[in-house]
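>>> Here's my sequence, what's the structure:
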Amino acid sequence: MVQADPVGDVHAGPDICVPPLLQRSAGHRSESTPHDLPTVLSVVEIIVGILLLFGGGELFVQGSVALALLLGIPQLVIGLTVVAMGTSAPELFVSLLSTIQGADDIAVGNIVGSNIFNVLVVLGISAVILPLSVNSRLIRRDVPILLAVSMAVWGMASSGRVTWQAGLALLTALVINTIWEMRTARETGGADGDGDIDASEADGGYLPAAVKLAAGLGLLVWGSQILVKGATAIALSLGVSQTLIGLTIVAAGTSMPELVTSIVAALRGKADLAIGNVVGSNLLNQLVILGGCAFISGDRGLSVDPVMISRDLPIMVATTLACLPIFWTGGVISRQEGGILIGLYGLYLIEQILPYTFPSLDGPIERFTLMALIPALVALLLWQSLSHWRGSRRTEG
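Residues are numbered from 1 along each chain as shown. Sure, this is the predicted structure:
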(Lines give C-alpha, C1' and ligand atoms only; values in the text may rest on other atoms or scores of the structure.)
Protein backbone atom coordinates (compact mmCIF):
# COMPACT_ATOMS: atom_id res chain seq x y z
CA MET A 1 0.00 0.00 0.00
CA VAL A 2 1.17 3.51 -0.78
CA GLN A 3 2.29 5.26 2.40
CA ALA A 4 2.59 8.91 3.22
CA ASP A 5 6.06 10.29 3.91
CA PRO A 6 6.58 12.43 6.99
CA VAL A 7 6.67 16.12 6.23
CA GLY A 8 8.36 18.72 8.35
CA ASP A 9 10.32 18.44 11.60
CA VAL A 10 8.52 16.71 14.42
CA HIS A 11 9.70 17.16 17.99
CA ALA A 12 8.03 14.13 19.48
CA GLY A 13 10.85 12.73 21.57
CA PRO A 14 12.81 9.52 20.97
CA ASP A 15 10.20 7.12 22.40
CA ILE A 16 7.07 8.51 20.78
CA CYS A 17 5.83 7.33 17.39
CA VAL A 18 3.86 10.07 15.70
CA PRO A 19 1.73 9.00 12.71
CA PRO A 20 2.53 10.82 9.45
CA LEU A 21 -0.87 12.49 9.16
CA LEU A 22 -0.47 13.87 12.68
CA GLN A 23 3.06 15.02 11.92
CA ARG A 24 1.64 17.56 9.47
CA SER A 25 -0.06 19.38 12.31
CA ALA A 26 2.85 19.10 14.73
CA GLY A 27 5.18 21.63 13.10
CA HIS A 28 5.45 25.33 13.71
CA ARG A 29 2.20 27.30 13.51
CA SER A 30 3.71 29.61 10.92
CA GLU A 31 4.42 26.58 8.69
CA SER A 32 1.09 24.80 9.09
CA THR A 33 -1.18 27.80 8.68
CA PRO A 34 -0.53 28.30 4.94
CA HIS A 35 -1.59 24.68 4.33
CA ASP A 36 -4.86 25.03 6.21
CA LEU A 37 -6.53 27.49 3.84
CA PRO A 38 -5.94 25.47 0.64
CA THR A 39 -7.29 22.37 2.41
CA VAL A 40 -10.47 24.20 3.48
CA LEU A 41 -10.90 25.59 -0.03
CA SER A 42 -10.44 22.10 -1.46
CA VAL A 43 -13.17 20.72 0.81
CA VAL A 44 -15.47 23.54 -0.32
CA GLU A 45 -14.62 22.73 -3.95
CA ILE A 46 -15.54 19.09 -3.41
CA ILE A 47 -18.88 19.99 -1.80
CA VAL A 48 -19.71 22.53 -4.52
CA GLY A 49 -18.65 20.06 -7.21
CA ILE A 50 -20.94 17.35 -5.80
CA LEU A 51 -23.89 19.76 -5.65
CA LEU A 52 -23.29 20.88 -9.23
CA LEU A 53 -23.07 17.26 -10.37
CA PHE A 54 -26.29 16.41 -8.58
CA GLY A 55 -28.20 19.31 -10.11
CA GLY A 56 -26.60 18.85 -13.50
CA GLY A 57 -27.47 15.16 -13.58
CA GLU A 58 -31.13 15.92 -12.81
CA LEU A 59 -31.39 18.58 -15.53
CA PHE A 60 -29.51 16.36 -17.97
CA VAL A 61 -31.98 13.50 -17.46
CA GLN A 62 -35.04 15.78 -17.68
CA GLY A 63 -33.80 17.38 -20.89
CA SER A 64 -32.74 14.08 -22.43
CA VAL A 65 -36.06 12.37 -21.63
CA ALA A 66 -38.09 15.30 -22.99
CA LEU A 67 -36.02 15.45 -26.17
CA ALA A 68 -36.26 11.69 -26.68
CA LEU A 69 -40.05 11.79 -26.26
CA LEU A 70 -40.34 14.65 -28.74
CA LEU A 71 -38.27 12.67 -31.24
CA GLY A 72 -40.64 9.73 -30.90
CA ILE A 73 -38.23 7.35 -29.21
CA PRO A 74 -40.18 4.60 -27.36
CA GLN A 75 -40.42 5.01 -23.59
CA LEU A 76 -38.95 1.53 -23.13
CA VAL A 77 -35.76 2.57 -24.92
CA ILE A 78 -35.62 5.82 -22.92
CA GLY A 79 -35.99 3.97 -19.64
CA LEU A 80 -33.24 1.47 -20.42
CA THR A 81 -30.78 4.03 -21.79
CA VAL A 82 -31.27 7.71 -20.91
CA VAL A 83 -32.79 7.26 -17.44
CA ALA A 84 -30.45 4.38 -16.61
CA MET A 85 -27.45 6.59 -17.41
CA GLY A 86 -28.88 9.51 -15.46
CA THR A 87 -27.71 8.49 -11.99
CA SER A 88 -24.30 7.47 -13.39
CA ALA A 89 -23.72 10.80 -15.14
CA PRO A 90 -21.61 12.27 -12.28
CA GLU A 91 -19.32 9.22 -12.25
CA LEU A 92 -19.06 9.40 -16.04
CA PHE A 93 -18.02 13.04 -16.26
CA VAL A 94 -15.67 12.92 -13.26
CA SER A 95 -13.87 9.81 -14.50
CA LEU A 96 -13.64 11.00 -18.11
CA LEU A 97 -12.24 14.37 -17.03
CA SER A 98 -9.77 12.68 -14.66
CA THR A 99 -8.58 10.42 -17.48
CA ILE A 100 -8.12 13.36 -19.84
CA GLN A 101 -6.09 15.17 -17.16
CA GLY A 102 -3.98 12.06 -16.50
CA ALA A 103 -5.43 11.45 -13.02
CA ASP A 104 -6.12 7.76 -13.70
CA ASP A 105 -6.13 6.84 -10.01
CA ILE A 106 -9.09 9.16 -9.38
CA ALA A 107 -10.89 7.88 -12.49
CA VAL A 108 -10.57 4.18 -11.63
CA GLY A 109 -10.93 4.76 -7.89
CA ASN A 110 -14.19 6.60 -8.51
CA ILE A 111 -15.60 3.65 -10.49
CA VAL A 112 -14.52 0.92 -8.08
CA GLY A 113 -15.36 2.96 -4.98
CA SER A 114 -18.81 3.85 -6.34
CA ASN A 115 -19.62 0.19 -6.95
CA ILE A 116 -18.61 -0.74 -3.41
CA PHE A 117 -20.53 2.23 -1.98
CA ASN A 118 -23.64 1.34 -3.97
CA VAL A 119 -23.84 -2.23 -2.66
CA LEU A 120 -22.82 -1.65 0.95
CA VAL A 121 -24.31 1.79 1.63
CA VAL A 122 -27.08 2.39 -0.92
CA LEU A 123 -28.50 -1.14 -0.64
CA GLY A 124 -27.84 -1.15 3.10
CA ILE A 125 -29.72 2.08 3.82
CA SER A 126 -32.53 1.08 1.46
CA ALA A 127 -32.92 -2.26 3.27
CA VAL A 128 -33.01 -0.53 6.65
CA ILE A 129 -35.90 1.59 5.36
CA LEU A 130 -37.67 -1.30 3.61
CA PRO A 131 -36.63 -4.99 3.61
CA LEU A 132 -35.75 -5.55 -0.04
CA SER A 133 -37.49 -8.49 -1.70
CA VAL A 134 -36.38 -9.34 -5.22
CA ASN A 135 -39.07 -10.21 -7.74
CA SER A 136 -37.89 -8.67 -11.00
CA ARG A 137 -36.80 -11.06 -13.70
CA LEU A 138 -34.44 -8.44 -15.12
CA ILE A 139 -32.62 -8.05 -11.80
CA ARG A 140 -32.17 -11.79 -11.39
CA ARG A 141 -30.66 -11.89 -14.87
CA ASP A 142 -28.57 -8.73 -14.54
CA VAL A 143 -26.81 -9.69 -11.30
CA PRO A 144 -25.01 -12.71 -12.80
CA ILE A 145 -24.01 -10.46 -15.71
CA LEU A 146 -22.75 -7.85 -13.24
CA LEU A 147 -20.67 -10.50 -11.47
CA ALA A 148 -19.20 -11.71 -14.77
CA VAL A 149 -18.35 -8.15 -15.84
CA SER A 150 -16.79 -7.37 -12.44
CA MET A 151 -14.56 -10.44 -12.64
CA ALA A 152 -13.64 -9.59 -16.24
CA VAL A 153 -12.70 -6.04 -15.20
CA TRP A 154 -10.54 -7.42 -12.39
CA GLY A 155 -8.80 -9.63 -14.94
CA MET A 156 -8.33 -6.75 -17.39
CA ALA A 157 -6.79 -4.60 -14.66
CA SER A 158 -4.53 -7.34 -13.26
CA SER A 159 -1.64 -6.24 -15.49
CA GLY A 160 -1.78 -2.75 -13.99
CA ARG A 161 -3.26 -1.17 -17.10
CA VAL A 162 -6.63 -1.39 -18.87
CA THR A 163 -5.93 -1.10 -22.60
CA TRP A 164 -8.05 0.76 -25.12
CA GLN A 165 -8.87 -2.61 -26.69
CA ALA A 166 -10.29 -3.78 -23.36
CA GLY A 167 -12.27 -0.55 -23.16
CA LEU A 168 -13.69 -1.17 -26.62
CA ALA A 169 -14.68 -4.69 -25.54
CA LEU A 170 -16.56 -3.28 -22.54
CA LEU A 171 -18.38 -0.73 -24.70
CA THR A 172 -19.31 -3.49 -27.17
CA ALA A 173 -20.64 -5.58 -24.29
CA LEU A 174 -22.78 -2.59 -23.28
CA VAL A 175 -24.42 -2.43 -26.72
CA ILE A 176 -25.11 -6.18 -26.70
CA ASN A 177 -26.51 -6.06 -23.17
CA THR A 178 -28.76 -3.08 -23.96
CA ILE A 179 -30.22 -4.83 -27.00
CA TRP A 180 -30.81 -7.95 -24.91
CA GLU A 181 -32.49 -5.90 -22.17
CA MET A 182 -34.83 -4.29 -24.68
CA ARG A 183 -35.87 -7.67 -26.07
CA THR A 184 -36.41 -9.07 -22.58
CA ALA A 185 -38.40 -6.02 -21.50
CA ARG A 186 -40.65 -6.31 -24.55
CA GLU A 187 -41.33 -9.96 -23.70
CA THR A 188 -42.39 -8.95 -20.19
CA GLY A 189 -44.59 -6.13 -21.45
CA GLY A 190 -42.01 -3.40 -20.79
CA ALA A 191 -42.93 -3.24 -17.11
CA ASP A 192 -39.37 -2.84 -16.04
CA GLY A 193 -38.40 -0.23 -18.54
CA ASP A 194 -40.93 2.56 -18.68
CA GLY A 195 -42.74 2.75 -15.38
CA ASP A 196 -41.08 5.97 -14.33
CA ILE A 197 -41.24 7.87 -17.64
CA ASP A 198 -43.65 10.82 -17.50
CA ALA A 199 -44.87 11.66 -21.01
CA SER A 200 -45.83 15.18 -19.86
CA GLU A 201 -42.13 16.07 -19.60
CA ALA A 202 -42.21 16.76 -23.35
CA ASP A 203 -45.13 19.22 -23.13
CA GLY A 204 -42.90 22.30 -23.23
CA GLY A 205 -41.52 21.59 -26.67
CA TYR A 206 -37.98 21.47 -28.02
CA LEU A 207 -36.62 24.73 -26.57
CA PRO A 208 -37.10 23.93 -22.85
CA ALA A 209 -35.81 20.40 -23.45
CA ALA A 210 -32.70 21.72 -25.21
CA VAL A 211 -32.11 24.34 -22.49
CA LYS A 212 -32.34 21.71 -19.73
CA LEU A 213 -30.05 19.38 -21.64
CA ALA A 214 -27.46 22.08 -22.27
CA ALA A 215 -27.65 23.42 -18.70
CA GLY A 216 -27.33 19.92 -17.27
CA LEU A 217 -24.36 19.15 -19.49
CA GLY A 218 -22.69 22.41 -18.52
CA LEU A 219 -23.20 21.81 -14.79
CA LEU A 220 -21.88 18.25 -15.11
CA VAL A 221 -18.71 19.43 -16.83
CA TRP A 222 -18.23 22.34 -14.41
CA GLY A 223 -18.95 20.23 -11.34
CA SER A 224 -16.54 17.54 -12.56
CA GLN A 225 -13.75 20.08 -13.00
CA ILE A 226 -14.26 21.55 -9.53
CA LEU A 227 -14.55 18.14 -7.85
CA VAL A 228 -11.43 16.71 -9.51
CA LYS A 229 -9.47 19.87 -8.71
CA GLY A 230 -10.51 19.78 -5.05
CA ALA A 231 -9.88 16.04 -4.71
CA THR A 232 -6.41 16.31 -6.24
CA ALA A 233 -5.52 19.24 -3.98
CA ILE A 234 -6.64 17.38 -0.85
CA ALA A 235 -4.59 14.33 -1.82
CA LEU A 236 -1.49 16.51 -2.23
CA SER A 237 -2.18 18.49 0.94
CA LEU A 238 -2.70 15.43 3.17
CA GLY A 239 0.01 13.39 1.53
CA VAL A 240 -2.35 10.55 0.61
CA SER A 241 -2.78 8.87 -2.73
CA GLN A 242 -5.27 9.97 -5.36
CA THR A 243 -6.50 6.37 -5.29
CA LEU A 244 -7.68 6.78 -1.69
CA ILE A 245 -9.47 10.05 -2.50
CA GLY A 246 -11.09 8.50 -5.57
CA LEU A 247 -12.24 5.40 -3.68
CA THR A 248 -13.77 7.35 -0.80
CA ILE A 249 -14.62 11.05 -1.11
CA VAL A 250 -15.11 11.21 -4.88
CA ALA A 251 -16.90 7.85 -5.07
CA ALA A 252 -19.33 8.69 -2.27
CA GLY A 253 -19.99 12.12 -3.74
CA THR A 254 -20.75 10.91 -7.25
CA SER A 255 -22.96 8.12 -5.83
CA MET A 256 -25.36 10.55 -4.16
CA PRO A 257 -27.91 10.32 -7.04
CA GLU A 258 -28.05 6.52 -6.64
CA LEU A 259 -28.46 6.91 -2.88
CA VAL A 260 -31.30 9.44 -3.16
CA THR A 261 -33.05 7.46 -5.91
CA SER A 262 -32.94 4.19 -3.97
CA ILE A 263 -34.05 5.82 -0.70
CA VAL A 264 -37.05 7.42 -2.43
CA ALA A 265 -37.89 4.07 -4.07
CA ALA A 266 -37.69 2.28 -0.71
CA LEU A 267 -39.90 4.89 0.97
CA ARG A 268 -42.47 4.33 -1.80
CA GLY A 269 -42.32 0.56 -1.31
CA LYS A 270 -40.63 -0.09 -4.67
CA ALA A 271 -37.96 -2.61 -3.66
CA ASP A 272 -37.22 -3.71 -7.22
CA LEU A 273 -36.52 -0.12 -8.27
CA ALA A 274 -34.20 0.41 -5.30
CA ILE A 275 -32.22 -2.73 -6.15
CA GLY A 276 -32.37 -2.24 -9.91
CA ASN A 277 -30.91 1.23 -9.52
CA VAL A 278 -27.83 -0.22 -7.80
CA VAL A 279 -27.41 -3.17 -10.16
CA GLY A 280 -27.86 -1.02 -13.27
CA SER A 281 -25.55 1.71 -12.02
CA ASN A 282 -22.77 -0.75 -11.11
CA LEU A 283 -23.05 -2.38 -14.52
CA LEU A 284 -22.92 0.96 -16.35
CA ASN A 285 -20.02 2.15 -14.20
CA GLN A 286 -17.89 -0.66 -15.58
CA LEU A 287 -19.19 -1.03 -19.13
CA VAL A 288 -19.69 2.64 -20.01
CA ILE A 289 -17.40 4.61 -17.70
CA LEU A 290 -14.43 2.28 -17.31
CA GLY A 291 -14.78 1.21 -20.93
CA GLY A 292 -14.98 4.81 -22.11
CA CYS A 293 -12.05 5.96 -19.97
CA ALA A 294 -9.86 3.09 -21.16
CA PHE A 295 -10.82 3.73 -24.77
CA ILE A 296 -9.99 7.46 -24.72
CA SER A 297 -6.71 6.78 -22.89
CA GLY A 298 -5.38 5.51 -26.21
CA ASP A 299 -2.06 3.69 -26.45
CA ARG A 300 -0.97 4.64 -22.93
CA GLY A 301 -3.88 2.70 -21.43
CA LEU A 302 -5.67 3.40 -18.16
CA SER A 303 -3.28 2.76 -15.27
CA VAL A 304 -4.54 0.92 -12.18
CA ASP A 305 -2.95 1.20 -8.73
CA PRO A 306 -1.44 -2.17 -7.65
CA VAL A 307 -3.10 -1.79 -4.26
CA MET A 308 -6.48 -1.49 -5.96
CA ILE A 309 -5.81 -4.69 -7.90
CA SER A 310 -4.95 -6.67 -4.78
CA ARG A 311 -7.52 -5.16 -2.39
CA ASP A 312 -10.34 -3.00 -3.75
CA LEU A 313 -11.20 -4.90 -6.93
CA PRO A 314 -11.52 -8.18 -4.95
CA ILE A 315 -13.81 -6.39 -2.49
CA MET A 316 -15.92 -5.08 -5.38
CA VAL A 317 -16.26 -8.61 -6.78
CA ALA A 318 -16.98 -10.04 -3.32
CA THR A 319 -19.81 -7.60 -2.64
CA THR A 320 -21.43 -8.57 -5.94
CA LEU A 321 -20.88 -12.28 -5.31
CA ALA A 322 -22.41 -12.02 -1.85
CA CYS A 323 -25.62 -10.52 -3.22
CA LEU A 324 -25.96 -13.02 -6.07
CA PRO A 325 -27.70 -15.86 -4.17
CA ILE A 326 -30.16 -13.51 -2.45
CA PHE A 327 -31.17 -11.86 -5.72
CA TRP A 328 -31.24 -15.11 -7.66
CA THR A 329 -33.43 -17.04 -5.22
CA GLY A 330 -35.87 -14.19 -4.68
CA GLY A 331 -34.70 -13.73 -1.11
CA VAL A 332 -34.96 -10.69 1.11
CA ILE A 333 -32.32 -8.28 2.39
CA SER A 334 -33.63 -7.65 5.90
CA ARG A 335 -33.15 -4.54 8.01
CA GLN A 336 -30.54 -6.36 10.08
CA GLU A 337 -28.62 -7.33 6.96
CA GLY A 338 -28.87 -3.77 5.69
CA GLY A 339 -27.30 -2.58 8.92
CA ILE A 340 -24.53 -5.15 8.52
CA LEU A 341 -23.82 -3.91 4.99
CA ILE A 342 -23.49 -0.34 6.28
CA GLY A 343 -21.20 -1.55 9.08
CA LEU A 344 -19.02 -3.38 6.57
CA TYR A 345 -18.58 -0.15 4.63
CA GLY A 346 -17.49 1.51 7.86
CA LEU A 347 -14.84 -1.20 8.27
CA TYR A 348 -13.81 -0.66 4.66
CA LEU A 349 -13.26 3.06 5.32
CA ILE A 350 -11.24 2.29 8.44
CA GLU A 351 -9.16 -0.16 6.43
CA GLN A 352 -8.53 2.58 3.86
CA ILE A 353 -7.52 5.31 6.30
CA LEU A 354 -5.60 3.52 9.08
CA PRO A 355 -2.47 2.67 7.05
CA TYR A 356 -1.94 6.38 6.36
CA THR A 357 -2.31 7.23 10.01
CA PHE A 358 -0.46 4.19 11.37
CA PRO A 359 1.87 2.84 8.64
CA SER A 360 2.92 -0.11 10.81
CA LEU A 361 -0.61 -1.52 10.44
CA ASP A 362 -0.41 -1.61 6.64
CA GLY A 363 0.46 -5.31 6.30
CA PRO A 364 -1.88 -6.64 9.02
CA ILE A 365 -4.81 -4.62 7.67
CA GLU A 366 -4.34 -5.92 4.13
CA ARG A 367 -4.15 -9.50 5.44
CA PHE A 368 -7.29 -8.89 7.50
CA THR A 369 -9.11 -7.66 4.39
CA LEU A 370 -8.15 -10.63 2.25
CA MET A 371 -8.41 -13.34 4.91
CA ALA A 372 -11.26 -12.12 7.12
CA LEU A 373 -13.39 -9.25 5.82
CA ILE A 374 -14.10 -10.55 2.30
CA PRO A 375 -14.76 -14.18 3.34
CA ALA A 376 -16.97 -12.99 6.22
CA LEU A 377 -19.02 -10.83 3.86
CA VAL A 378 -19.54 -13.68 1.41
CA ALA A 379 -20.24 -16.30 4.10
CA LEU A 380 -22.75 -14.10 5.94
CA LEU A 381 -24.90 -13.31 2.94
CA LEU A 382 -24.62 -16.85 1.54
CA TRP A 383 -25.92 -18.17 4.86
CA GLN A 384 -28.75 -15.67 4.92
CA SER A 385 -29.78 -16.48 1.37
CA LEU A 386 -29.73 -20.21 2.18
CA SER A 387 -31.97 -19.56 5.18
CA HIS A 388 -34.41 -17.59 3.02
CA TRP A 389 -34.40 -20.38 0.41
CA ARG A 390 -35.12 -23.04 3.04
CA GLY A 391 -37.92 -20.91 4.45
CA SER A 392 -39.51 -20.54 1.02
CA ARG A 393 -39.29 -24.31 0.46
CA ARG A 394 -41.08 -24.96 3.76
CA THR A 395 -43.77 -22.46 2.78
CA GLU A 396 -44.28 -24.17 -0.57
CA GLY A 397 -44.39 -27.57 1.14
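>>> Could you pull up the contacting residues of the residue lying closest to Ile296 once chain neighbours are set aside?
Setting aside the residues directly before and after it, Ile296 is nearest to Thr99 in space (Cβ to Cβ, 6 or more residues apart in numbering), at 6.1 Å. Quick note: C-beta positions are derived from backbone N, CA and C, even for glycine. Applying Cβ atoms under 8 Å, 6 or more residues apart in numbering to Thr99 gives the contacts Ala107, Cys293, Ile296, Ser297, Leu302.
>>> mind checking the end-to-end distance for stretch 99-108?
9 Å (Cα to Cα, to the nearest Å).
>>> any idea where the strands of the stretch 201-350 of the chain begin and end?
302-303, 332-333 (DSSP state E, counting those that start in this stretch).
>>> Touching the last one from outside, list them.
So the one you mean is strand 332-333. For strand 332-333, the surrounding residues in contact (Cβ under 8 Å, 6+ apart) are Leu123, Ala127, Pro131, Leu132, Ser133, Val134, Cys323, Ile326, Leu341, His388.
>>> rewinding a little: closest one to Leu349 among the strands of the stretch 201-350 of the chain?
Closest approach to Leu349 among the strands of the stretch 201-350 of the chain (Cβ to Cβ): strand 332-333, 21.0 Å.
>>> ok, back up a step: tell me which of the contacts of strand 332-333 fall in strands.
Residues from the contacts of strand 332-333 lying in strands, with DSSP state E as the criterion: Leu132, Ser133.
>>> Among the contacts of strand 332-333, name the least confidently predicted one.
Lowest pLDDT of these: His388, 63.
>>> Export the strands of the stretch 201-350 of the chain as TSV, with columns for mean pLDDT.
Formatted as TSV, the strands of the stretch 201-350 of the chain follow (pLDDT from 0 to 100):
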stretch	mean pLDDT
strand 302-303	96
strand 332-333	79
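>>> any idea which of those strands is most buried?
strand 332-333 (a mean of 24; mean count of other Cβ atoms under 10 Å).
>>> chain center to that one, what's the gap?
21 Å (Cα atoms, centre = their mean, to the nearest Å).
>>> circling back: out of the contacts of Thr99, which are inside helices?
Per DSSP state H, helices hold the following members of the contacts of Thr99: Ala107, Cys293, Ile296.
>>> ok, the first one - contacts?
Read it as Ala107. Residues near Ala107 by Cβ under 8 Å, 6+ apart: Val94, Ser95, Leu96, Ser98, Thr99, Gly246, Cys293, Leu302.
>>> How confident is the prediction for it, by pLDDT?
Ala107 is assigned a pLDDT of 94 by the prediction.
>>> returning to what we had before: return the member of the contacts of Ala107 nearest to Leu52.
Minimum distance to Leu52 across the contacts of Ala107 is 11.0 Å, recorded for Val94 (Cβ to Cβ).
>>> excluding its backbone neighbours, what's nearest that closest one?
Nearest residue to Val94, sequence neighbours excluded (Cβ to Cβ, 6+ apart): Ser224, at 4.7 Å.
>>> tell me the two of the contacts of Thr99 that are most distant?
Greatest spatial distance in the contacts of Thr99: Ala107 and Ile296, 10.2 Å, computed using Cβ to Cβ.
>>> Please identify every residue contacting each of those two.
Leu96, Thr99.
>>> re earlier: export the strands of the stretch 201-350 of the chain as JSON lines, with columns for distance to Ala68.
Shown next, in JSON lines, are the strands of the stretch 201-350 of the chain (distance: least, Cβ to Cβ, whole Å):
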{"stretch": "strand 302-303", "distance to Ala68": "30"}
{"stretch": "strand 332-333", "distance to Ala68": "33"}
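>>> next one: the helix or strand encompassing Leu69 to chain centre, how far?
Here Leu69 sits within helix 29-70, counting by DSSP states H and E. Between the centre of helix 29-70 and the centre of its chain there are 16 Å (Cα atoms, centre = their mean).
>>> Same check on stretch 269-284?
Using Cα atoms, centre = their mean, the offset of stretch 269-284 from its chain centre is 13 Å.
>>> Check stretch 53-73 too.
Stretch 53-73 has its C-alpha centroid displaced from the chain centroid by 22 Å (Cα atoms, centre = their mean).
>>> if you average pLDDT over that stretch, what comes out?
Throughout stretch 53-73, pLDDT has a mean value of 82.
>>> List the residues that contact the residue nearest to Val48 when sequence neighbours are not counted.
Among residues not flanking Val48 along the chain, Ile226 sits closest, at 5.7 Å (Cβ to Cβ, 6+ apart). Applying Cβ under 8 Å, 6+ apart, we find Ile226 in contact with Glu45, Ile46, Val48, Gly49, Leu52.
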